[in-house]
Every structure is written in C-alpha cells, then in structure tokens.
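A.B. asks: quick check, what structure comes out for this input:
(chains A and B)
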Amino acid sequence: MNKLVKLYHTLGSPPSFYRIAGYFLTPLLLLALGLTAYGLVDGLFFAPIDYQQKDAYRIIFVHVPSAWMSMFIYAMMGIAAIMAFVWRMKVAEAVMMASAPIGAAFTVITLVTGMLWGKPMWGTYWDWDARMTSELILLFLYIGVMAMYAAFDDDPRKAARLTALVAIIGLVNLPIIHYSVEWWSSIHQKSSVKLTGSTGIKDWDMLRPLLVMAFATKFYYGYSMLHRARSYLLHTESQKQWAQAALGLDTPKKQNKEQSNG
Amino acid sequence: MIGRYWAICQRDLLAAWRRKAGLYQPLVFQLLIVTLFPLGLGAGAQTLSKVAPALVWILALLGTLITLEHIFKDDFEDGSLAMYVRTDLSLPLVVLFKALGHWLMVGLPAVLFAPVVAVLLHLPESAYGVLMLSLLLATPIFSLMGAVGSALTLNLRSGGLLLSVLVMPLLAPILIFGAGAVLETSLDNSAKGHLLLLSGSLVLTLTLAPLAAAAAIKVNLE
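C.D. replies: From the prediction side, this is the model:
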C-alpha cells in the first residue's frame, strides 16, 4: 500500500489517532510554554520601545499572534469539516469540534487585547473599523458552529455532520464577509492612528518576539486541539472496546466472563 | 418536469393564502418596530432620515428572519419532506422552489411594503427606487439563506434562535451592500457598485444555497 494512503488510514482510525496523538502532547505543551515564556520576556522587556506608541505597543506580542490564530484555526476547522463531511471521518469530526472553542478563545483574546490597545491609542475601546468588525463576525461564526453542535445532544454523529456543513458554509462566506466589511469601512472615516503603518515592523528585535509568539500559539493550538480531540473521541466512542481499555476500565465482555466464572 | 416542483410551491402559497396570518404578520412586526424608533430616537425628521437607509433595510431583514424557521419545519413535521426525498425529485430543486414560495409569501410583500416604512422614517425621496431595487435583489438571498438555516435546524424544537445565530453573520455582507446602496443614493452618489455586488451575491446564493440546504436535509433525515 502507498505510504501516504496507509498514513491516512492509520490516522483516520480513532484508536491509533488516540495513541499517536498521545505521544505529541507533552512535547507540544513544553514547546508552547517555553516559547511563550521566551517570547513574552523578550517582547515585554528587551524589545525596543516604539517611538510613537511607547510601551503600549507591547500588547502586539499577544494581539497579533492571537489574530493570526483566530483565522488559521478557522481554516483548519474548515478543512477538517470538509474531510468530515465528504469522507465521514470520525477523527476529522473530532479535530473540527476540538478546534472551534480554541479558535473562539483566540478570537476573544484578539478582541479584548485590541480593545485594551485601542483605549490609549485611539482614545476609545471600540471603533467599527474593518478588522475589528470582521473579527467580531468571525466570533459569531465560531459561536454558530459550537451552538449547532450543542443543539443535538442525543446524536453526536448527526450533530457533527450538520456542524461540518455550518463550518463549510462559513468558510465559503468568510472571504465575502472580509472584503465586504473592508469596502464598507472605506466609506466611513478612517481612524486617526493607523495601527500598523504601511511601513510595518522592520526592527528585528521587535519582529523576533512576535514570530516566537506566533510559533508558541501554533504549538499551543496543536497541544490543545489534540488533547480535546482525544477527549472527544473517548466520549463519542465510549462504548467501544479501545476507549474502555484506554480509560483503564474492564470491557463488559470480560466482566461477564468473570461473573460466569464466579 | 418543472410542473411538479411548481406544484410544491403552489401548495405553500395556497396554504399561506388561506391562513393569511403568515402574510401580514411580518409586515405588522415591521410596523411595530418602526414605531419604536421615533419613540426612542426622537421624532425629528432630520435624525430619522439620517438612519432611514439602514433602518428600512434592517427591518426588512428582521421581518424576514422571524419567518425563516418554518420554510422546512412544517413539511418535516407532517412527513412531506421525507416524501420529497424518497421520490425522484431533485432535492436542490425542491429547495429552490420552497425558497421561491417563501420569497413570494414574505420577500415580495416586504419589498412592496418598504416604501411605507421609508415614508414613516423620512427617507429622502430620491432613494426609493434604489431601495426597492436593492431589496428586490436581496430578499431572494434572505429566503435562500433562510432555507439553509431552516434545513439545518428543522429537527430542533426551538431552532429559531440558533437559526438567527447561523444566518445573521452570513447576511452581514448583504446588509452592507444593500443599505450601502440606499445610503449612497440618499447622498446623491452612484449606487451601481453596491447593486452589482448584490446581484453577484444573489447569483452565488442561488447556485450554492440549494445544494447546502439539500445536504442538510439529507443529514437530518438520515
């Protein structure tokens, strides 16, 4: 068998996904924690002061990586949703449902840090500019995905398929929403302070912590997503033998045998 | 061939015509909310005409939104939806005609009613044509996206709120283009770009929404 096809089938089966993902958890968590610690110390203490925004700009090291993640995770969730819907892969359903709350959390972090940053820079917590508005709509999309799944508590497979459909529809609409909001804000007045000027960050000492934090959030997503996906599989497959074995429970069959023996 | 699909649509229209309530209630709902705005905002014509382009549009959207849940729900509950799936009818086409039925019952009246709301809110007279044209392009989108939302939630006892959560963010661009067109016209600018974008959205929704709704119905009836 083709190696790639074999990998696909191995990762597609819940028990082996559960086992293989287990190996990655600790390294991913350590990488995430280590890089976050380094990125924050470097960003908050050693990166040079911005000539215009002074120390207030340092929130960028949390804000921008979170904003990247909020979109990256939606894309991941959308891809998982397509796989879940087309091939009915349980593991893809798990990845999709595991991604949604993490993405929503990063979106909330982006919005909150953005508001905190906006107060000293723009003089207001909220301004209906294009990025903030589309980030808010992104949060609604995440909430829709999670609410759709939560609405079906009796049938997780059906819930996952419908949720996958919601995520796919959102993925198709995301570019339309993004551009429409951008054009919409162009007829409104521009904010007086441009957040990231057209020049962008050129100083390597400023860029380094930002990139480190970007990697740290990726690793955190990897850790958290795999962890959640494992729990999701355990939960939905709790009647299967492998899940009971993974939980350290005796399988019902064995219990019956013991009873008959006794 | 089309006759059988048209029959589904006709049946919906006939049922709505005999019941009447479904036809005028969305419009009454719009009127009720219109009344609230001058009460809260002050009745000055200047204030109202400034927000009128957005308000007329949002009201048409809200008036449609409260009716969306029932596009498929009634058919699901009495079992006729399961029958459509089992016959050799093409499900996306059934969806298209169900959406057409909904548009004729709710969307078209909303378009025709919009000038009344606009008068009450002192919308500049020059914008009436564009208002109706933009709503004419957008209300079918409401019905089609509503069909998707209704297909997703037809199994749920109280799916109305979930439907709003699912559909509203997707309609944000439509509101931007539509209300933008009216706003531009009321400011004596050309609304051509906005209207073209609305037409594009309509074509896209017309193509993709029936497929999505049909997929959701199939999952729900599995």
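
A.B. asks: okay, buried residues for stretch B:150-159 please.
C.D. replies: Across stretch B:150-159, burial judged by 16 or more other CB atoms under 10 Å in any protein chain shown covers B:150-156, B:159. (Glycine included, C-beta is placed from N, CA and C.)

A.B. asks: for chain B, what is the nearest residue in the stretch 101-250 of chain A?
C.D. replies: A:Ser180 (3.5 Å; CB to the nearest CB).

A.B. asks: how far away from the center of its chain is stretch B:88-107?
C.D. replies: Distance of stretch B:88-107 from its chain centroid, counting by CA atoms, centre = their mean, to the nearest Å, is 13 Å.

A.B. asks: related to what we said a few turns ago, just the buried residues of stretch B:150-159 that are near chain A?
C.D. replies: Among those, the residues lying close to chain A (CB under 8 Å from any CB of the partner chain) are B:152-153, B:155-156, B:159.

A.B. asks: so which of those residues sit within helices?
C.D. replies: Residues of these located in helices (DSSP state H): B:152-153.

A.B. asks: adding pLDDT, write the ones next to chain A among the buried residues of stretch B:150-159 out as TSV.
C.D. replies: Formatted as TSV, those follow (pLDDT from 0 to 100):
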residue	pLDDT
B:Leu152	92
B:Thr153	91
B:Asn155	84
B:Leu156	85
B:Gly159	79
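
A.B. asks: tally up the residues packed near residue 59, please.
C.D. replies: The chain I'm using is chain A. If you count neighbours by other CB atoms under 10 Å in any protein chain shown, A:Ile59 ends up with 18.

A.B. asks: chain B is the one I meant
C.D. replies: Other residues close to B:Leu59 by other CB under 10 Å number 25.

A.B. asks: that one belongs to a strand?
C.D. replies: No: read with DSSP: H, G, I helix; E, B strand; the rest coil, B:Leu59 is helix and lies in no strand.

A.B. asks: so it sits against B:Val34, correct?
C.D. replies: Yes: with contact defined as CB atoms under 8 Å, B:Leu59 and B:Val34 form a contacting pair (6.4 Å).

A.B. asks: ok, A:Tyr232 touching A:Ala100?
C.D. replies: No: contact between A:Tyr232 and A:Ala100 fails when scored by CB under 8 Å: they sit 10.8 Å apart.

A.B. asks: so which of the two has more stuff around it?
C.D. replies: Applying other CB under 10 Å to A:Tyr232 and A:Ala100 shows that A:Ala100 carries more neighbours, namely 26 against 21.

A.B. asks: would you mark the buried spots in the helix or strand that contains that one?
C.D. replies: Assessed by DSSP states H and E, A:Ala100 sits inside helix A:90-122. Buried positions in helix A:90-122, judged by neighbour count with 16+ other CB under 10 Å: A:90-107, A:109-111, A:113-114, A:117-118, A:121-122.

A.B. asks: what packs against it?
C.D. replies: Helix A:90-122 sits against helix A:3-12, helix A:14-41, helix A:60-87, helix A:130-151, helix A:156-186, helix A:204-236, with contacts defined as 3 or more CB pairs under 8 Å, 6 or more residues apart in numbering or on different chains; DSSP states H and E.

A.B. asks: I'd like to know which elements the helix or strand following the longest one is packed against.
C.D. replies: Put plainly, it is helix A:204-236. The helix or strand immediately downstream of helix A:204-236 is helix A:241-246, counting by DSSP H and E. If you count contacts as 3+ CB pairs under 8 Å, 6+ apart, helix A:241-246 packs onto helix A:14-41, helix A:204-236.
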